[in-house]
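A.B. asks: The following comprises the amino acid sequence and a computationally predicted model.
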Amino acid sequence: KMNAHKSRPFTVFVEGNIGSGKTTFLEHFRRFEDITLLTEPVEEWRNLKGWNLLDLMYKDPSKWGMTFQSYVSLTMLEMHQRSTPTPVKLMERSMFSARYCFVEHMMRSGILHPAEFAVLDEWFRFMTNQIHIDADLIVYLKTTPSVVYERIKKRARSEEQCVPLSYIEELHTLHEDWLVNRKHAECPAPVLVLDADLDLSQITEEYKKSEHQILRKAVDVVMS
Ligand SMILES: Cc1cc2cn([C@H]3C[C@H](O)[C@@H](CO)O3)c(=O)nc2[nH]1
């Protein structure tokens with residue numbers, strides 16, 4: 001068992017489009033006692049004091065987009081700040097995908113009014129300047145929009161059934177801009193790109209590739 005000499009654990013963001021297999025990827029690490037897994041708090045978004053903000057947002061994005069993304073940011077900040085007893089912390093998504101992918105899409109598509117976007121962007125700048133929430137590594141589950149679109153249909157999460165392929169394609173482009181073309185300097189962590197188009201049987205090999213990288217880097221950090 002690695003004793004965490006560092007105040008801050010080796011932090012990994014697991015990023016990718018809707019349906020890219022992030023939750024499945026995280027579950028693969030469930031068996032390691034030195035890793036804390038923080039999965040995306042979708043259930044909190046689906047029930048805040050009885051309100052299903054995720055459903056409200058998908059049903060009327062212009063009316064509920066701001067409210068939804070404000071609450072998403074709050075729940076993600078809470079995860080960033082949560083102290084973990086283990087030397088390694090794996091988070092599903094982050095404040096950065098919130099800003100660079102989802103909020104960015106809502107602004108570009110006119111779902112968010114420019115004034116709403118300005119407020120969300122100020123919150124993002126404040127939080128990323130004031131609070132150290134950087135990753136040490138980002139694992140990017142890279143997919144093809146048509147592949148994840150079919151998975152979303154099969155998964156049949158009720159709120160997502162009206163999601164058009166065009167939205168998935170736009171989110172894909174925003175993930176590529178951030179994690180492959182590196183257009184945003186605020187999140188300089190190295191990116192490990194995995195081919196997440198692979199189906200479940202083949203993808204274990206891909207996960208093993210990241211396992212060594214994550215655990216070896218974590219050992220370096222903890223033992224340094
Ligand atoms: C950080 C962040 C995650 C996230 C997820 N979502 C949506 C996409 C999926 O339908 C669902 C669960 O990821 O929530 C969103 O609209 N905005 C988000 N922002």
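C.D. replies: Arrived safely.
A.B. asks: elements contacting the longest helix belonging to the chain?
C.D. replies: Longest among the helix segments of the chain by residue count, using DSSP state H, is helix 200-223. Using 3 or more CB pairs under 8 Å, 6 or more residues apart in numbering; DSSP states H and E as the contact test, the elements touching helix 200-223 are strand 10-16, helix 22-28, strand 88-92, strand 137-142, strand 191-195. (C-beta placed from N, C-alpha, C; glycine too.)
A.B. asks: Contacts for whichever helix or strand comes after the third one next, please.
C.D. replies: Just to be clear, that refers to strand 88-92. Note on strand 88-92: by DSSP states H and E, the next helix or strand toward the C-terminus is helix 95-97. Helix 95-97 is contacted from outside by 13, 15, 73, 76-77, 80, 124, 127-128, 133, 175, 178, 184, 186-187, using CB atoms under 8 Å, 6 or more residues apart in numbering.
A.B. asks: Using CSV, list the CA coordinates for the very next helix or strand once past helix 95-97.
C.D. replies: Counting by DSSP H and E, the next helix or strand C-terminal to helix 95-97 is helix 104-108. Taking Å, rounded to 0.1, in the frame of the first residue of the first chain, the C-alpha atoms of helix 104-108 are listed here in CSV:
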residue,chain,number,x,y,z
GLU,A,104,-18.8,26.4,-24.6
HIS,A,105,-21.3,24.5,-26.7
MET,A,106,-24.3,26.2,-25.0
MET,A,107,-22.7,29.6,-25.7
ARG,A,108,-21.8,28.9,-29.3
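A.B. asks: Is helix 104-108 in proximity to the ligand?
C.D. replies: No: judged by CB under 6 Å from any ligand atom, helix 104-108 stays clear of the ligand, getting no closer than 8.3 Å.
A.B. asks: Could you tell me the average pLDDT over that helix, please?
C.D. replies: Averaging pLDDT along helix 104-108 yields 98.
A.B. asks: related to what we said a few turns ago, with mean neighbour count, mean pLDDT and distance to residue 213 as added columns, please give the helices and strands packed on helix 200-223 in a markdown table.
C.D. replies: Converted to a markdown table, these look like this (neighbours: other CB atoms under 10 Å; pLDDT from 0 to 100; distance: least, CB to CB, whole Å):
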| stretch | mean neighbour count | mean pLDDT | distance to residue 213 |
| --- | --- | --- | --- |
| strand 10-16 | 26 | 95 | 9 |
| helix 22-28 | 17 | 90 | 13 |
| strand 88-92 | 25 | 95 | 12 |
| strand 137-142 | 23 | 95 | 7 |
| strand 191-195 | 18 | 93 | 6 |
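A.B. asks: related to what we said a few turns ago, gap between the longest helix of the chain and the chain center?
C.D. replies: 18 Å (CA atoms, centre = their mean, to the nearest Å).
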